[in-house]
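Visitor: Let me see the structure of the following:
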Amino acid sequence: MQYDIVVVMDPIASINPAKDTTFAMLLEAQHRGHRLHYVLPGGLFLRDGVVLARAATLEVRDDAHDWFSLGEPHVLPLGSGQAVLMRTDPPVDADYLHDTQLLDFARMQGALVVNDPRGLRDFNEKLAALLFPDCCPPTLVSRDAAALKAFVHAHEEAVLKPLDGMGGRSIFRASTRDPNLNVILETLTGGGRHLAMAQRYLPEIVDGDKRVLLVDGEPVEYALARIPQGDEFRGNLAAGGRGEGRPLTAREKQIAARVGPEMKRRGMLFVGLDVIGDWMTELNVTSPTGVRELEKQFGINIVGKLFDAIESRLAATAND
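Guide: As a prediction, the model looks like this:
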């Protein structure tokens, strides 16, 4: 059956189609015969209790130089028979939260929103991992610079980061000998106004910060290890890390089995777990990436599994 697939994403003209996971989703949806609609930036709005989108029909091509065409802009009511892919990148600021609130109206009007807007609001990607503390390294979240400094001293070396960053931005590796520790903590907490996270430094990072993908609660059989390069301790691809696919380890499967059922229950169909060594450090729900690299290396169809889940839910709703 043909459905309308509505995508809310960062400007499509600026993506790298060879690496963009949202683009992989769109290629799969188009391959299955679904109609694509691209929501123009800032295009969600509410009129008399009905959420609508300023959108354009979309055609995509797996071409590094010419990957999309947009049709004429139109106003599209959001509701039944549609899947809305909410795929804009953090920060999760007031504008992002307001969009998720509008998408709640779409959900109540019958649309399937991926991921569920309630989960997008509830799951800060740093804090959400701590719903599963047995899967995480020792962690402290605090505004108190003295407490965070004591944590660093207790573990001798720690990673310090804000709660709203992405792509490795504003992440610090600090030790008890770091002469800049005080100013790092002052900067991250805004002088005690903002929460910051401290996690025990995991030396296994040299083997990669691994992205484990969950599709409808089930793990993809391979993880993307993002390996730091040169003198960089961060593995994030945005920070210059090198991506390399690897089969899941027994511990990664254990973590996925712990986290997956709760994500499925919450309507989080596509989730990325960040795992270093034996420990989950973050739980990504806004716009997890890594699909194109894994699909290319192993010849698998990850977004195919995602659209199997999407179509199953849309069909069930149509039959209610």
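Visitor: Every contact and neighbour count from this point should use C-alpha atoms.
Guide: Fine.
Visitor: quick one: strands adjacent to the helix or strand bottoming out on mean pLDDT in the chain?
Guide: Evaluated with mean pLDDT, DSSP states H and E, the helix-and-strand set of the chain has its lowest mean pLDDT in strand 242-247, which scores a mean of 91. Each strand paired with strand 242-247, and its direction, by DSSP bridges: strand 222-227 (antiparallel).
Visitor: For this structure, just list every one of the helices.
Guide: Remark: helices of the chain, listed N- to C-terminal, are 21-31, 94-108, 117-122, 145-155, 181-189, 250-265, 291-298, 302-319; assignment by DSSP state H.
Visitor: Deepest-packed of these, please.
Guide: Per residue and on average, the most neighbours among these fall to helix 21-31, with a mean of 21 (mean count of other Cα atoms under 10 Å).
Visitor: coming back round to it: would CSV of the helices of the chain with distance to residue 208 and mean pLDDT be doable?
Guide: CSV is the format used below for the helices of the chain (distance: least, Cα to Cα, whole Å; pLDDT from 0 to 100):
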stretch, distance to residue 208, mean pLDDT
helix 21-31, 20, 98
helix 94-108, 30, 96
helix 117-122, 26, 96
helix 145-155, 21, 97
helix 181-189, 25, 96
helix 250-265, 13, 98
helix 291-298, 15, 96
helix 302-319, 21, 94
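Visitor: Looking at these, which is nearest to residue 85?
Guide: helix 21-31 (8.5 Å; Cα to Cα).
Visitor: Just the C-alpha atoms of that closest one, please, in CSV.
Guide: Taking Å, rounded to 0.1, in the frame of the first residue of the first chain, the C-alpha atoms of helix 21-31 are listed here in CSV:
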residue,chain,number,x,y,z
THR,A,21,20.9,8.4,7.3
THR,A,22,17.8,10.5,6.6
PHE,A,23,18.6,10.4,2.9
ALA,A,24,18.9,6.5,3.1
MET,A,25,15.4,6.5,4.6
LEU,A,26,14.0,8.6,1.8
LEU,A,27,15.6,6.4,-0.8
GLU,A,28,14.0,3.3,0.8
ALA,A,29,10.6,5.0,1.0
GLN,A,30,10.7,6.0,-2.6
HIS,A,31,11.8,2.6,-3.7
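Visitor: My read is that residue 229 contacts residue 208, right?
Guide: No - between residue 229 and residue 208 no contact is recorded; they are 10.1 Å apart, counting by Cα atoms under 8 Å.
Visitor: Same drill for those two, tell me which one is more crowded.
Guide: residue 208 (25 against 15; other Cα atoms under 10 Å).
Visitor: show me the contacts for that one.
Guide: Residue 208 makes contact with 225-228, 235, 276, according to Cα atoms under 8 Å, 6 or more residues apart in numbering.
Visitor: For it, which non-adjacent residue is spatially closest?
Guide: Sequence neighbours aside, residue 227 is the residue nearest to residue 208 in space, at 4.2 Å (criterion: Cα to Cα, 6 or more residues apart in numbering).
Visitor: can you count the residues close to the one you found?
Guide: Applying the criterion other Cα under 10 Å, we find 23 residues in the vicinity of residue 227.
Visitor: Can you spell out which residues form a bridge with it?
Guide: The bridge-partner assignment for residue 227, based on DSSP bridges, gives residue 242.
Visitor: Not counting sequence-adjacent ones, nearest residue to residue 198?
Guide: According to Cα to Cα, 6+ apart, the nearest residue to residue 198 is residue 160 (4.6 Å).
Visitor: ah, wrong one, I meant residue 159
Guide: Looking at residue 159 with Cα to Cα, 6+ apart, the closest residue is residue 173, at 4.6 Å.
Visitor: Low-confidence bits of the stretch 51-200 of the chain, can you list those?
Guide: Applying pLDDT under 70 to the stretch 51-200 of the chain flags the ranges 166-168.
Visitor: Enumerate every residue touching residue 291.
Guide: Residues counted as contacts of residue 291 (Cα under 8 Å, 6+ apart) are 19-21, 24, 302-303.
Visitor: What's the separation between it and residue 161?
Guide: 25 Å (Cα to Cα, to the nearest Å).
Visitor: now do residue 92
Guide: Here the distance between residue 92 and residue 161 works out to 15 Å (Cα to Cα).
Visitor: Same drill for these two, tell me which one is more crowded.
Guide: Between residue 92 and residue 161, counting by other Cα under 10 Å, residue 161 is the more crowded of the two (25 against 18).
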